[in-house]
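Trainee: Turn this into a model:
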Amino acid sequence: MEWQSFYSDCPRMILGLTIGAGFLIYYLVEAVKRPMVASRDSAWRDFLEENLVILQERYWPTPWCLESRLQTVLASILRYRLLPRVTYKKEILQLKDGGQVCLDWLDSAGGSDSPIILILPGLTGSSQSDYIKGLVLTGSKTGARCVVLNYRGTAGIELKTTRTYCAANSDDLEEAIQHLSTSYPNVPLIVAGVSLGASIIGNYLTTRGEKASKYLVAAVVFSTPWNMQLGVKSMEKPLCNLMLNRYLVACLCGLVSSMSYQLAGDHKWNYDHVMKSKSFREFDSRFTAMQFGFRDAEDYYKTSSLHEKLDDIRVPLLCLNAADDPFQPMEGVPVEAAKRSSHVALVVTARGGHIGFMEGFLPTCTYYSDRLFLQVVNSIFANLDKMGAIKKEANDFAKRKSVESTTKTSS
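Mentor: Numbers count the residues shown, from 1 in each chain. Alright, predicted model coming up:
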């Protein structure tokens, strides 16, 4: 009778407690999970499981921000408000075709013989992007020198040619890596990339093969758009995904507008038509595909996609994706391919959005992705002798897969 009396007197409180208990159960069962790690039994997997404590822990996403688009947007806002502006030392790198990129070095970080971390931003990012500053400040804690590769025409650097950048082309990255290796010989080098930067790194690794292995100790990528065809289709779904799509394309058009002194005029593309783009597909059809010689946007997306190219990689690679990433549906993440690989390790969290990975009830400046980055970089630079053996295993695996593929094709 007392319970019935309490229920009749306080129905709203009972309803609130019921909803709260239901959400808590949902949060603990569906959201709080250990990350899935996809990689075959190998020296690389053993190394990661031995050194990365974070892989044995549950990821506790921010409970009031579980929705993927909300994670994506709010993580960016919070990083922007909480992270300080970073002071860099600029280095302009002149490229073979007359273009130029800017290498932004974290000021007063490391010595001339310290390891180097080369970081690549996302689609419209630069060295002052919130998620890049997070990685730079995290990487500097390892004692390494962090340097950000700002793409052509970004970060206030003049565009010298009519060529910009795209996910499928890694020529500028290759020149930057060669420059760093020549300027700082025998210094360990790791590359790290986010979103589009992850795609550029992936395409560098798959197209340069053994050459990439010569220069790099390892690579770390975040929120990789593995299958760009699926990713673009996902971003065309109404309402929230489409709104994000249009916002980012507006940013792209703004970037192109800032380079109009080179990009407007008589070219393969129609500048005014490009500026009217409202979606990734329209922008890439009207501009990216024409700039880089693809038949159309679909051809560009297919060429840029990495989900079927893992066997071509010869560098130890750690990849972090969220299963709810709106830019990359889970069915496009190459889990099965990673399970067969000796040196590509795919870490997938249940939540995290795209470049989100907020954690705890009150997120601060450090996110799950930053903690993962700190642990893997610290472990690699502290165990360079082991990395040599891991790289050899990676090369042997890639060579064996290449022979198997050639034999299968010829038969």
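Trainee: any idea which helix or strand carries residue 148?
Mentor: Assessed by DSSP states H and E, residue 148 sits inside strand 145-150.
Trainee: quick one: low-confidence parts of this structure?
Mentor: Within the chain, the stretches with pLDDT under 70 are 1-12, 14-15, 108-109, 405-411.
Trainee: just checking, what packs against the longest helix along it?
Mentor: In the chain, taking DSSP state H as the definition, the longest helix is helix 384-410. For helix 384-410, the packing partners by 3 or more CB pairs under 8 Å, 6 or more residues apart in numbering; DSSP states H and E come out as helix 43-51, helix 210-215. The C-beta positions use only the backbone N, C-alpha and C, and glycine is treated the same way.
Trainee: Adding distance to residue 148 and mean neighbour count, write these out as TSV.
Mentor: As requested, the helices and strands packed on helix 384-410 are exported to TSV (distance: least, CB to CB, whole Å; neighbours: other CB atoms under 10 Å):
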stretch	distance to residue 148	mean neighbour count
helix 43-51	25	18
helix 210-215	18	16
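Trainee: mind checking which of those is nearest residue 113?
Mentor: Nearest of those to residue 113, taken as CB to CB: helix 210-215 at 17.0 Å.
Trainee: Outside of the closest one itself, which residues are in contact with it?
Mentor: Residues from elsewhere that reach helix 210-215 (CB atoms under 8 Å, 6 or more residues apart in numbering): 177-178, 181, 189, 204-205, 314-315, 391, 394-395, 398.
Trainee: As TSV, the helices and strands packed on helix 384-410 with distance to residue 290 would be great.
Mentor: Converted to TSV, the helices and strands packed on helix 384-410 look like this (distance: least, CB to CB, whole Å):
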stretch	distance to residue 290
helix 43-51	40
helix 210-215	28
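Trainee: now the strands for the stretch 51-200 of the chain?
Mentor: For the stretch 51-200 of the chain, strands defined by DSSP state E, counting those that start in this stretch occupy the ranges 88-94, 100-106, 116-120, 145-150, 189-194.
Trainee: Give the pairing partners of the last one; include direction for each.
Mentor: When pairing is defined by DSSP bridges, strand 189-194 lines up against strand 116-120 (parallel), strand 218-222 (parallel).
Trainee: tilt between the last one and helix 384-410?
Mentor: Orientation check (axes from the mean of the first three to the mean of the last three CA atoms, to 10 degrees): strand 218-222 against helix 384-410 gives 80 degrees.
Trainee: Can you tell me what sits against strand 218-222?
Mentor: With contacts defined as CB under 8 Å, 6+ apart, strand 218-222 is touched by 190-195, 197-198, 201-202, 205, 315-321, 355, 369, 373, 376-377, 380, 387.
Trainee: Could you identify the helix or strand that succeeds that strand?
Mentor: As assigned by DSSP H and E, the chain's next helix or strand after strand 218-222 is helix 228-235.
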